[in-house]
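Trainee: no sequence on this one, just coordinates:
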C-alpha cells in the first residue's frame with residue numbers, strides 16, 4: 001500500500017499537506033523508518049531546548065513533541081475503530097486543549113522519546129496486521145470520511161510536518 005494509491009475521497013483536504021510531505025511511500029516502511037528516524041531526532045535535541053518557544057504563545061519543543069504523540073494516539077484509535085467496521089461517527093479533538101493538559105513541561109525529553117517509541121510501536125503493530133479490505137474501510141471523523149490507510153499516512157506526514165517546523169523554527 002503506497003500513499004500515491006490514496007484517493008482524495010479518503011481524507012479531508014486539511015490533511016493533504018501531511019500526505020504530500022511524504023511523496024510516494026509504502027505505509028509500513030514509512031511507519032518503521034519514521035520510528036527510528038524520529039527517535040534519533042528527539043535524542044539529538046538538547047534538554048535545555050525542551051522549554052524553548054520561538055514566539056510568545058507558541059508551543060514549546062516538549063509541547064510539539066507531546067502533540068505528535070497525542071495526535072498519533074487519536075489517529076490510531078480512529079484506525080482501529082474503522083478497521084473493525086465501526087460506523088459510529090467520531091468527534092474531532094481540539095489540539096489546543098490537549099497541549100496544556102499534557103503537562104509536557106513536566107517530562108524530560110528522554111521520557112517523551114520513550115513515550116513516542118511506545119506509541120509508534122503500537123501503530124506499527126496495528127497497521128501490520130490489517131489486510132487490504134480493512135485498510136480501505138472508511139469511517140467518519142470530524143464530520144469527514146477517512147480511510148484506515150489514510151490515517152496511517154496522516155500519522156507519518158503529521159510527524160514529518162512538525163519535524164520540519166522544529167528544525168526551522170526551534171532548533172535552527
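Mentor: On my side now, so go ahead. These figures come from a predicted structure and were not determined experimentally. Residues are numbered from 1 along each chain as shown.
Trainee: what sits against the residue minimising distance to the centre of the chain?
Mentor: Central residue of the chain (CA atoms, centre = their mean): residue 155, 3.3 Å from the mean position. For residue 155, the contacting residues are 31, 71-72, 75-76, 123, by CB atoms under 8 Å, 6 or more residues apart in numbering. Heads up, the C-betas are built off the backbone N, CA and C, glycines and all.
Trainee: Counting neighbours, show which residues of whatever helix or strand it lives in come out buried.
Mentor: Assigned by DSSP states H and E, residue 155 belongs to helix 148-165. Neighbour counts using 16 or more other CB atoms under 10 Å place 148-163 of helix 148-165 among the buried residues.
Trainee: now, which of those residues sits nearest residue 15?
Mentor: Checking those against residue 15 with CB to CB, the nearest one is residue 154 at 5.1 Å.
Trainee: pLDDT score assigned to residue 4?
Mentor: Model confidence at residue 4, given as pLDDT, is 89.
Trainee: Helix, strand, or coil at it?
Mentor: Put simply, residue 4 is helix when judged by DSSP: H, G, I helix; E, B strand; the rest coil.
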